[in-house]
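Engineer: Here's my sequence, what's the structure:
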Amino acid sequence: MGHVEVGHLTYVLPDGRPLLNDVSFRIPDGIKAALVGPNGAGKTTLMRLVAGDLQPVEGSVASSGGLGVMRQFIGSVRDGSTVHDLLLSVAPPPVRAAAAKLEKAELAMMEREDEKTQLRYAQAITDYTDAGGYDIEVLWDTCTVAALGVPYDNVKYRDVATLSGGEQKRLVLEALLRGPDQTLLLDEPDNYLDVPGKEWLEGQLRETSKTVLLVSHDRQLLANAADRIVTVESGNIWIHGGNFTTYADARRARNERLEELRRRWDEEHAKLKALVNMLKNKARYNDGMAPAYHAAQTRLRRFEEAGPPEEAPSEQNIRMRLKGGRTGKRAVICEELELTGLMKPFSTEIWYGERVAVLGSNGSGKSHFLRLISGDDVRHTGVARLGARVVPGLFAQTHARPDLRGRSSVEIVMTEHARLKNEAMKILARYELAGLIADQRFETLSGGQQARLQILLLELSGATLLLLDEPTDNLDLASAEALQVGLDAFDGTVLAVTHDRWFAADFDRYLVFGADGTVYEAPEPVWDETRVVRPR
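Structural biologist: Now for the predicted structure:
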């Protein structure tokens, strides 16, 4: 049994901006609720408030059944972290605390083996056992076999950085869905999962008896797995009790109703003010009108104190102007290219103006391929070269941009692209990154805001070849649609790794990185190789 309840919660950002205002909602036992809304509206912040990572200014948060949390960027436990560290990070608090004591005791035993140290070590082992540490390691063995195909003992000391984003997500999801916690908070659980992985997740969410609050921008996953939709907009919360397939109509009807209520309130407000002014003028010449004048004043004051109804949220207006430029006919040439240990040699040519989607399972080398084309040092044999006048621009999958950390959006645009501040702010406004957001450090932006900034930097870079590694993963619906419009108008070549079924539909060609290491082309998207006949 598990539930989540948020009561009259208010949260203000460290810079003083209000983000959430008197928010209340409840997710009952067994319900799968999706948290949606524009990038930067406060979805991840709300998840962190429920998880206890942040404290509200006012209000309360309660949950039951134990709380399992998948955070948005799960791979950044700490530099050099292992698979053991990653699994431990999503274990119940008593296990984490006992494991920390056991690790400390083990380190002490390496330095000295006196009786006192041995007793502490023995006690730490007992505490770890009592907390369920060894029991959960049996569970982790099931998880690593399911996610990685390897027993836990064989992989527990492996560096997390050697796992793909999808492998990290699948491993954490296995641990949480199989674990003891009955309430799960999943922030972007489908990011970096391939389509079979997303279909697996949809099935798991439908079948589990646990209570789940998740953040996702994958419309098909939401339609297949969510019982209700919790929307964060303009600092408020509203809940659609139906499936995502009816959500758009429900949101439209709600906004129309709010606009109508506001119109009626404005009309009534204007009438009351006109009445007060009329009675005020009459009371100047007729003392008998004074009571009516004072009564009208009281009525107007009470009306204004009650305040207007909730205002309908404004629609997003993101305008991406990806320009590009003419290049040689052949944009990318690969001849007997092999990424060491990831794929078998293959050859292909990508022509100017083409939109090529790179598909395949996690860990098959897709991201390494894009990095190689962008100019990064990736171990390979064979040839991978660019055509004449081709300028590559890379959108990084994990948003791992150490070159941007510690700097604000406006500072980045001004210094890297020689823009005056006013001009930089106008450019940022097109991506809805202006205002106070423009002064936030890159690492404090939401995942979607970081993604939009990366796309903006590609726009300003003059790139004629866009190398996009899962660009829609953190984008809300409006931003993803704006990206699609921007790519349609882009005068250049696009090479994109994606597991977004909607995004991939508009591409010209599909380069598939097979699970057996072969790379081949397909006329249609290939999400599950077991369902297609492989070309020879």
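Engineer: got the residue ranges for the helices in the stretch 151-300 of the chain?
Structural biologist: 152-155, 165-178, 195-207, 219-225, 247-285, 290-306 (DSSP state H, counting those that start in this stretch).
Engineer: any chance of those helices in a markdown table, with mean pLDDT too?
Structural biologist: Formatted as a markdown table, these follow (pLDDT from 0 to 100):
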| stretch | mean pLDDT |
| --- | --- |
| helix 152-155 | 94 |
| helix 165-178 | 92 |
| helix 195-207 | 93 |
| helix 219-225 | 89 |
| helix 247-285 | 92 |
| helix 290-306 | 92 |
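Engineer: which of those sits most buried?
Structural biologist: helix 165-178 (a mean of 23; mean count of other Cβ atoms under 10 Å). (Each C-beta comes from the backbone N, C-alpha and C, glycine too.)
Engineer: can you list the weak-confidence ranges in this structure?
Structural biologist: 75-79, 316, 398-400, 529-536 (pLDDT under 70).
Engineer: hang on, the earlier thing: who wins for proximity to A146 among the helices of the stretch 151-300 of the chain?
Structural biologist: helix 165-178 (5.2 Å; Cβ to Cβ).
Engineer: what comes into contact with that closest one?
Structural biologist: 68, 70, 74-75, 83, 86-87, 90-91, 139-140, 142-144, 146-148, 160, 163, 184, 186, 189-194, 197, 201, 204, 208, 210, 362-363, 397-398, 470, 499 (Cβ atoms under 8 Å, 6 or more residues apart in numbering).
Engineer: on that earlier part again, with T327 as the reference, name the closest of the helices of the stretch 151-300 of the chain.
Structural biologist: helix 165-178 (30.2 Å).
Engineer: Also compute the angle for the closest one relative to helix 195-207, please.
Structural biologist: Helix 165-178 runs at 20 degrees relative to helix 195-207, counting by axes from the mean of the first three to the mean of the last three Cα atoms, to 10 degrees.
Engineer: List buried residues within the contacts of helix 165-178.
Structural biologist: By neighbour count, with 16 or more other Cβ atoms under 10 Å, these hold 68, 70, 74-75, 83, 86-87, 90-91, 139-140, 143-144, 147-148, 160, 163, 184, 186, 189-194, 197, 201, 204, 208, 210, 362-363, 397-398, 470, 499 as buried.
Engineer: Okay, and which of the residues you listed map to strands?
Structural biologist: Judged by DSSP state E, the subset of those located in strands is G68, M70, L184, L186.
Engineer: would you list the residues you listed in a markdown table and tack on distance to S347?
Structural biologist: Below are these laid out as a markdown table (distance: Cβ to Cβ, whole Å):
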| residue | distance to S347 |
| --- | --- |
| G68 | 46 |
| M70 | 40 |
| L184 | 45 |
| L186 | 41 |
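Engineer: hmm, which two among these are most spread apart?
Structural biologist: Between any two of those (Cβ to Cβ), the greatest distance is 8.6 Å, for G68 and L186.
Engineer: Surely T472 is in contact with A480?
Structural biologist: Yes - using Cβ atoms under 8 Å, T472 is in contact with A480, at 4.7 Å.
Engineer: any common contacting residues for these two?
Structural biologist: What both T472 and A480 touch, as defined by Cβ under 8 Å, 6+ apart, is the set H217, D500, F503.
Engineer: Which parts of the protein belong to which domain?
Structural biologist: Domain segmentation of the chain under automatic domain parsing yields 3-248, 249-306, 330-401+455-531.
Engineer: A429 is nearest to which of these?
Structural biologist: domain 330-401+455-531 (10.7 Å).
Engineer: Just the strands from the stretch 301-450 of the chain, written as ranges.
Structural biologist: For the stretch 301-450 of the chain, the strands defined by DSSP state E, counting those that start in this stretch cover 330-339, 346-351, 355-360, 380-386, 392-395.
Engineer: Please name every helix or strand in contact with the shortest one.
Structural biologist: By that I understand strand 392-395. Under the contact criterion of 3 or more Cβ pairs under 8 Å, 6 or more residues apart in numbering; DSSP states H and E, strand 392-395 touches helix 366-374, helix 447-461, strand 465-469.
Engineer: cool, the fourth one as well?
Structural biologist: Using 3+ Cβ pairs under 8 Å, 6+ apart as the contact criterion, the elements in contact with strand 380-386 are strand 330-339, helix 366-374.
Engineer: ok, 6 Å please
Structural biologist: strand 330-339 (3 or more Cβ pairs under 6 Å, 6 or more residues apart in numbering; DSSP states H and E).
Engineer: for the strand it packs on, which positions count as buried?
Structural biologist: R330, A331, V332, I333, C334, L337, E338, L339.
Engineer: Find the nearest non-adjacent residue to L261, please.
Structural biologist: P309 (4.2 Å; Cβ to Cβ, 6 or more residues apart in numbering).
Engineer: Report the separation between the one you found and N21.
Structural biologist: As judged by Cβ to Cβ, to the nearest Å, P309 and N21 stand 15 Å apart.
Engineer: same question, Y510
Structural biologist: Taking Cβ to Cβ, one finds Y510 at 46 Å from N21.
Engineer: same thing with G341?
Structural biologist: Counting by Cβ to Cβ, the gap from G341 to N21 is 52 Å.
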